[in-house]
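Participant: output the structure for:
(2 chains)
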Amino acid sequence: MSTLDAGPVPEVAEAPPSGGPATAPTPQIPSTPQIPPTPQIPPHLPRPPGGRAHPGDDREERRRRSPAVARLAPPWRRPAPWVLAALAAGYVAVGAWLGLGRGAALPEALRLTTRAYLPLFGDGGQLGWLAVGWAPLPAAVQVPLMPLAWWWHPFAAGGLGATAQSALFTAGAVRQLHRTAGELGAGRRVAAAVAALFALHPAVVYAGANGTAEASLLFFLLLATRHLLRWGRGGSANRLAAAGVALAGAGLCGLPALGAGVTATAAVATVAYRGADGPVAARRAVACADALVVALPLLFTTTVRLLIGTLVAGSWERMVAIGTNPNLLPAGAEGASGVGAATRIARLAAQSAVLEPFAAALLIVAAVVAVRRRAAASAAALTILAGGYGTAVAVAAIGPGGPWSLGSSALLVPLAILAATGLATAGGAHPPGGAHPPVRPAAHPIGGARPAVRPSARPVAPRYRRGVAVAVMLAAALPAGAAGLLQRAVAPDEAHTLTAVFTLDRADGAERQRRHRYDTDRGLARWLDAQHLPPRTVLLDTETGFEVVLASRNPRQFAVPAGHGFDELAHEPARRGVRYVVARPREDPLPADRVNQAYPTIARDARLRLVRVEPTAGDLPAWRVYAVR
Amino acid sequence: MSAPGPYAAARRTLSTGQRVGLAAVGVLLVAGVTLATTPTLIAVVAVLSAAYVAAFAERLLLLHRAIHDPGLIVVDPDDARACPDADLPLYTVLVPAYQEPEVLPHLLAAIGRLEYPADRLEVLLLLEEDDEATYAAARAAASPPYLRVVRVPYSEPRTKPKACNIGLEIARGDFVTIFDAEDRPEPLQLRRAVAAFRRLPPSVACLQAKLGFFNHKQNILTQWFTAEYAMWFEHMLPGLVRQDAPVPLGGTSNHFRTEVLRELGGWDPFNVTEDADLGVRLYRRGYRTLILDSVTLEEANSDAINWLKQRSRWYKGYLQTWLVHSRQPLRRCREMGLVTYLRFNLFVGGTPLLAIINPIFWALTLMWFVGRVGFVHALFPAWLLYASLVCLVAGNFTFVYVNVLAARATGLPGLVFRSVLSLAYWVLMSLAAAKAMVQLVLAPSFWEKTTHGLGATPLPPPSDPLSDDVVPAAAVATATAATAAVAAAVEGPTIDRPVAAAPSAAGTPIALETGSVHA
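Facilitator: Numbers count the residues shown, from 1 in each chain, chains lettered A, B, ... in the order given. Predicted coordinates:
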């Protein structure tokens, strides 16, 4: 709708009809030309006799006349597709170089690929396995890509499928950040600069290249942030719903989304309550309704996913174990139980410091400015990233996984960048495109009839000087982040993987062996393939032996632990035709390692006979192959 | 009136070709179940799942389009009022009513509030011949100069479209619209429609105003109904407009160019959702329907039994419409285009189809998870199981969430929480769909009356003055002519119309006479 009907329509409305936090009508923008009193007409209508197009027949004309379109989607804010494609290609190239060229594919990435690979290539089509763990979506989106492995096997075995998904999601995240910066009032150059700072941040590049779920989480949380920002600035309930759906998508990509959902819901309720008119009960009803709209999709997807995941995994404990299984920690790394809370917190602080050295200062100042200027909508939108970051840090601080990876703190990067963008544009706030006055001046009062953006009494500093300072602070994150990736004390996971790639002379023994980790798996796969085994005759835990499965040319030989018959096979292997059991024996079997759980004393099991110890040049224990007697 | 073409009428539920096709499918099914039971059942489940997925995807697409740009026809109030009274065309309002004595005064009051000059307005109150109660209520109410009461003679089928066709025959307006007896149209609606029609191309023959409910607070059923209507008129129909697909019209507040409506032969009297059928026929003839941003408030059904009657009639009518326009699929494809024809099938056919299929899948799911019934496992091989499960879960959640969103868009936060429970509403819908299927076989054109007046009304009592244009009750009904068989009386204090005869829907002549309602 392009015009507002203020006539005596017998509306049934008791509260804001658009679903936004304001009860006042959508504000008219003074600088927007009045729309001629012509009805909007869909462009597809048949033309009247004579062939002349009827009014509104032209889509561009309709776009030009629509203030909503002019206000919310200026053409400059849409990066050219080739930029995004180039970004994605760059991330893929980095990922391919690391994975195929340097043997630095991450286990988490290969595990995600295995889940997408098995339904197509394995025995039994275990699509339900996708729902197990905390990140089913990054695995699910690889399913359509997996047929490429028919003609180029390394696409799956080398982790390129996972890299493709993370690269695309990261490019999408850059686009969302670029557009969000525009929503915050950044001009064309500023938005492009902050997007570039984000896209080139080492942690972001690594997230785009390493094939894990971090990239998808970044994308969905930034998408939710942008929609929530637009809702807070006078968008309809549809924006709120879009933010909710994006949060649901994030919920399928990682645990931090739950925290983001909680903080976003609280922020939405607060903004809606403060913006609503009427008695307390009516304001509370509006707040609860808006909170429900934003929270419902995440609540639903999380519930359903956990339900299905528990059913497929067999138990809640196992489902949780798979989600947080630290079974492939760097060899020789300290166990989770060996690190005290103080050490964890100190490491998390160090991680945050290397990712964004000035994050603390930027966030504090941005919060103060937001409070002073009553920029509740912007602050509410950024709570999504803050909630996600807080949850990731909390899980790393108290969970069994521990703060091994910079990924725990990666959400700090977009949070600091957007907060800095808000700071750089504060005071001279203007809506996207720079052509209009504030989007919601007085018509969207927060807590009364106060303007959403209060002009500062005195200019703190010229905007360009502030912008330069902010840019310098953000730019400092690039070298700091790159250095942090290689520091064992800060990022053990990344350092273990990347030190031998970038600074071979500094690498210790385990780090040098890391690049040969999957050679063992591939050797075992070749040996098994040479046996020409029928389907479901090899018991192997695919959550730990993923690369064996991906490297095998006969993946149907593996009985997938997700299958309903796995326990029966393990219980009576000889009777049910099992030929080999493959495991890395452990003193304390991981809860997610189904083979070691089925055979807790595998070395002394009378039903099995050790026939092969796969030679290993890598950093993990050797695979042992037991033949069924 | 000129009857609809032989393939446009719902007089016959199925054409010969459809009967043959249905019989062939039945024979194939029986043979398949007999010879290869499991594969046949798997095929049936796969086909149903595919239909479910397609209908669900179509609705998601509609939602996306509507959210992106609803394409409503918006006429500013000042613009609507800008036209001088003298330049406004004569507008005919058809009010078909049957056994509505309680709500009729409210409708007359609402019509009295229309900002349209009385001398440019013609309201035809279409009453069945045996409906003495409503007739008496009409006589007792204030009698504005534009009101004429038309007595519709008895003939089968006794449906609203048949009465509307009679009204259309005698309508004098350049534009015509329909209001139900319980309707509360927005006062500027006619002016907005006129302003829009004048600026729109002639190919736009119909403007559908949005419908809402005034008794949404009455109980949970009216709340669900309100949210559903919001979804329908805020998302589904605008989405269809954006797709350039046929728009199944809502029951009332659809505004037409009179000559186009006559050209099409009016409404199909045998179709119990004649409005949906008319929307498709308009599209087939190259005309388009747009959504007018103006609201008419109606009374939501507050009684479950009454709701089931109404909803089963709607589903039956959608099935009728679907069957009628599926009789010559190749010809329809040429008329509409392949994609549009598929969309028509997915939307008009898919609406009752989803309601029918949904409980079947839920039942199978429950049987599997609760009882681990073996044959359910056999029916769903892995590829079908996952597709069906995702579709079922995502489809049902989408249904609930779209309701929540539509409820929020109404500006009634209380509705949002009720909408979360709207899965229970779908149970009712499924019941209604099952009833519709049975009725489609046993009584395809039977019009189950929806009882109105069960909810509270926000309007002032009917004794309030209608408007300045109301003529005091001064005239007396003068004449009552009757033909040998049936008669219709057209009464109005200011209309000087000679007695004339016009064919009824059933081909029976009806008598028209002048006079006044009031004594």
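Participant: and stretch B:264-272, end to end?
Facilitator: Length of stretch B:264-272, first residue to last, CA to CA, to the nearest Å: 18 Å.
Participant: doesn't B:A276 make contact with B:D268?
Facilitator: No. Judged on CB atoms under 8 Å, B:D268 makes no contact with B:A276 at a distance of 10.0 Å. C-beta coordinates here come from the backbone N, C-alpha and C atoms, glycine included.
Participant: higher neighbour count, those two?
Facilitator: Shown here are B:D268 and B:A276; by other CB atoms under 10 Å in any protein chain shown, B:D268 has more neighbours (31 against 27).
Participant: that one belongs to a strand?
Facilitator: No. With the criterion set as DSSP: H, G, I helix; E, B strand; the rest coil, the secondary structure at B:D268 is coil rather than a strand.
Participant: so B:L124 touches B:L94, yeah?
Facilitator: Yes. Between B:L124 and B:L94 there is a contact under CB under 8 Å: 5.3 Å.
Participant: now do the shared contacts for the two.
Facilitator: Among the neighbours of B:L124, those also in contact with B:L94 (CB atoms under 8 Å, 6 or more residues apart in numbering or on different chains) are B:167, B:171.
Participant: pLDDT score for residue 32?
Facilitator: In the absence of a named chain, this looks at chain A. Reported pLDDT at A:T32 in the predicted model: 31.
Participant: right idea, wrong chain: chain B
Facilitator: B:G32 carries a pLDDT score of 91 in this model.
Participant: likewise B:W426?
Facilitator: 84.
Participant: measure it to B:I357 for me?
Facilitator: Shown here: B:W426 relative to B:I357, a distance of 11 Å by CB to CB, to the nearest Å.
Participant: what of A:R226?
Facilitator: Separation of A:R226 from B:I357 (CB to CB): 37 Å.
Participant: give the buried residues for the longest helix along chain A.
Facilitator: In chain A, assigned by DSSP state H, the helix with the most residues is helix A:280-313. Within helix A:280-313, the residues that count as buried by 16 or more other CB atoms under 10 Å in any protein chain shown are A:282-302, A:304-306, A:308-310, A:312-313.
Participant: quick one: it near chain B?
Facilitator: Yes. Remark: helix A:280-313 sits within contact range of chain B at A:282, A:285-286, A:288-290, A:292-293, A:296-297, A:300, A:304, by CB under 8 Å from any CB of the partner chain.
Participant: which two in those are spaced the farthest apart?
Facilitator: Farthest-apart pair in the residues of helix A:280-313 next to chain B is A:A282 and A:V304; separation 32.9 Å (CB to CB).
Participant: what residues does the stretch 301-450 of chain A put near chain B?
Facilitator: Going by CB under 8 Å from any CB, the residues of the stretch 301-450 of chain A near chain B are A:V304.
Participant: low-confidence stretches in the stretch 301-450 of chain A?
Facilitator: Within the stretch 301-450 of chain A, the stretches with pLDDT under 70 are A:323-339, A:401, A:427-450.
Participant: would you agree B:Q208 falls within a helix?
Facilitator: No. Under three-state DSSP, B:Q208 falls outside any helix and is assigned strand.
Participant: how many residues are close by it?
Facilitator: B:Q208 is flanked by 25 other residues according to other CB under 10 Å.
Participant: was I right to think it contacts B:M236?
Facilitator: No. Judged on CB under 8 Å, B:Q208 makes no contact with B:M236 at a distance of 11.6 Å.
Participant: so where's the stretch 451-600 of chain A uncertain?
Facilitator: For the stretch 451-600 of chain A, the ranges with pLDDT under 70 are A:451-463, A:562-564, A:586-592.
Participant: how about the strands in it?
Facilitator: Under the criterion DSSP state E, counting those that start in this stretch, the stretch 451-600 of chain A carries strands at the ranges A:538-539, A:558-559, A:580-583.
Participant: a markdown table please, covering those and showing mean neighbour count and distance to A:L168.
Facilitator: Supplementary listing: the strands of the stretch 451-600 of chain A in a markdown table, determined by neighbours: other CB atoms under 10 Å in any protein chain shown; distance: least, CB to CB, whole Å:
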| stretch | mean neighbour count | distance to A:L168 |
| --- | --- | --- |
| strand A:538-539 | 26 | 34 |
| strand A:558-559 | 28 | 29 |
| strand A:580-583 | 24 | 34 |
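Participant: distance to chain B added to those strands, as JSON lines?
Facilitator: Converted to JSON lines, those look like this (distance: least, CB to the nearest CB, whole Å):
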{"stretch": "strand A:538-539", "distance to chain B": "21"}
{"stretch": "strand A:558-559", "distance to chain B": "15"}
{"stretch": "strand A:580-583", "distance to chain B": "25"}
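Participant: what's the closest of those strands to A:I398?
Facilitator: strand A:580-583 (30.6 Å).
Participant: okay, now the domains of chain A?
Facilitator: A:81-329+A:337-484, A:517-628 (automatic domain parsing).
Participant: looking at those domains, which is buried most?
Facilitator: Highest mean neighbour count of those: domain A:81-329+A:337-484, a mean of 22 (counted as mean count of other CB atoms under 10 Å in any protein chain shown).
Participant: show me the contacts for the residue nearest the centre of chain B.
Facilitator: Nearest to the mean C-alpha position of chain B, by CA atoms, centre = their mean, lies B:G251 at 2.9 Å. Applying CB under 8 Å, 6+ apart, we find B:G251 in contact with B:178, B:180, B:211, B:273, B:275.
Participant: do the same with B:C164
Facilitator: B:C164 touches B:94, B:96, B:126, B:178, B:266-267, B:274, counting by CB under 8 Å, 6+ apart.
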